[in-house]
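K.L.:
When you get a sec, could you give me coordinates for this:
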Amino acid sequence: MTKSMTGYGQATGTFQSSSLSVELKTLNNRFREIYCRLPFQLTSLEEALKKILAEKIARGRVEITLQLSTPPDELQGFAFNPSKAEAALRLLEKLREETGVTDPISLNHLLALNALDQNPTNAQGPNAASLAPLAQSLTQEALADLVAFREREGAAMERDLLTRLEILERILSRIKSLIAPTNAAIFEKLKNRIEELIQKAVSPERLAVEAAILADRMDITEEVVRFASHLANFRLALTEPLPIGRRLEFLLQELNREANTMGSKSQSTPLTDEILAIKFELEKARELAQNIE
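P.N.:
Predicted structure coming up:
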């Protein structure tokens, strides 16, 4: 089944008196890249969550965000550590000075650098070990939501691509019908060129070369055959297992290459018009293929 690279999924659950939410977003990308935004208590779960996502997502930029909400009384297990906070502040100020960053330093920055101490004898808030099963379960749930979203989007794009394939096949059929009369005009030009060369007493070898070059520059039969083959392969690729996005993009490049060659050889306005119509449909198909996994 064709899948879109863009999608969204989310899930929420509770552990004791804390609430944990998982949000997934995916965007276009040539490769798979996974970015995690986790509460500092859960940073140790990053690799495990990435592994879960990699099992279902082959291509695209993936952003996973976990948010943990804990009641105020659950924070009694933490104590402010002045020395840690001062060290973190000095580090952040040094980083700002060396990098030229002008953003203000916030409390979130200090917390990210562990400016709090946890008191084991009074800690009531959940830690990574206790939250790991819920975090992984919610990630699986959000992932299922995301995959369903991507499949719905992918199905819609596949229908659009199949429609454009049918349009391209009809245009190609019209182009095939134009080849015979166009070739007749080509042969007439070729005949005139040969007569001109004969009058100039050109050698038979030169005459043969000139005739072959002229015929090759005008006849689009080979390009039409290759274009039809690429269309058939494109239709077949839509039925193959994922990921297919890169293959579709490659085939569209080849189709566009043949269309450009046909355009450069075209010797008639009707033929040129049909080739322009092909390029328009190929551009629309390319925009869709860029968002397919």
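K.L.:
Might you list the low-confidence residue ranges for the stretch 151-293 of the chain?
P.N.:
For the stretch 151-293 of the chain, the stretches with pLDDT under 70 are 182-188, 190-191, 193-194, 197, 200-217.
K.L.:
My guess is L49 contacts I64. True?
P.N.:
Yes. Shown here, L49 and I64 form a contact pair, counting by C-beta atoms under 8 Å, at 6.1 Å. The C-beta positions use only the backbone N, C-alpha and C, and glycine is treated the same way.
K.L.:
Spit out the residues that contact these two alike.
P.N.:
Common contacts of L49 and I64 (C-beta atoms under 8 Å, 6 or more residues apart in numbering): 36, 139.
K.L.:
so what are the domain limits for this protein?
P.N.:
Here the domain parsing of the chain from automatic domain parsing is 73-125, 153-289.
K.L.:
Of those domains, which is nearest G13?
P.N.:
For G13, the closest of those is domain 73-125, at 16.1 Å, according to C-beta to C-beta.
K.L.:
Give me the buried positions along the helix or strand containing F234.
P.N.:
Assessed by DSSP states H and E, F234 sits inside helix 221-237. For helix 221-237, the buried set under the neighbour-count rule, 16 or more other C-beta atoms under 10 Å, comprises 223-224, 226-228, 230-231, 234, 237.
K.L.:
Quickly name whichever of those is closest to E169.
P.N.:
Closest to E169, out of all of those and judged by C-beta to C-beta, is L231, at 6.3 Å.
K.L.:
roughly how far apart are that closest one and L162?
P.N.:
Per C-beta to C-beta, to the nearest Å, L231 is found 11 Å from L162.
K.L.:
Make sure E33 is indeed in a strand.
P.N.:
Yes. Assigned with DSSP: H, G, I helix; E, B strand; the rest coil, E33 falls within a strand.
K.L.:
With just CA atoms, put stretch 130-141 into PDB.
P.N.:
Extracted C-alpha coordinates of stretch 130-141, given in PDB (Å, rounded to 0.1, in the frame of the first residue of the first chain):
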ATOM      1  CA  SER A 130       8.800   3.200  36.000                       C
ATOM      2  CA  LEU A 131       7.600   5.200  33.000                       C
ATOM      3  CA  ALA A 132       9.300   3.100  30.300                       C
ATOM      4  CA  PRO A 133       6.500   0.500  29.800                       C
ATOM      5  CA  LEU A 134       3.900   3.300  29.400                       C
ATOM      6  CA  ALA A 135       6.100   5.400  27.200                       C
ATOM      7  CA  GLN A 136       6.800   2.500  24.800                       C
ATOM      8  CA  SER A 137       3.100   1.500  24.800                       C
ATOM      9  CA  LEU A 138       1.900   5.000  24.000                       C
ATOM     10  CA  THR A 139       4.600   5.300  21.300                       C
ATOM     11  CA  GLN A 140       3.200   2.100  19.700                       C
ATOM     12  CA  GLU A 141      -0.300   3.500  19.900                       C
END
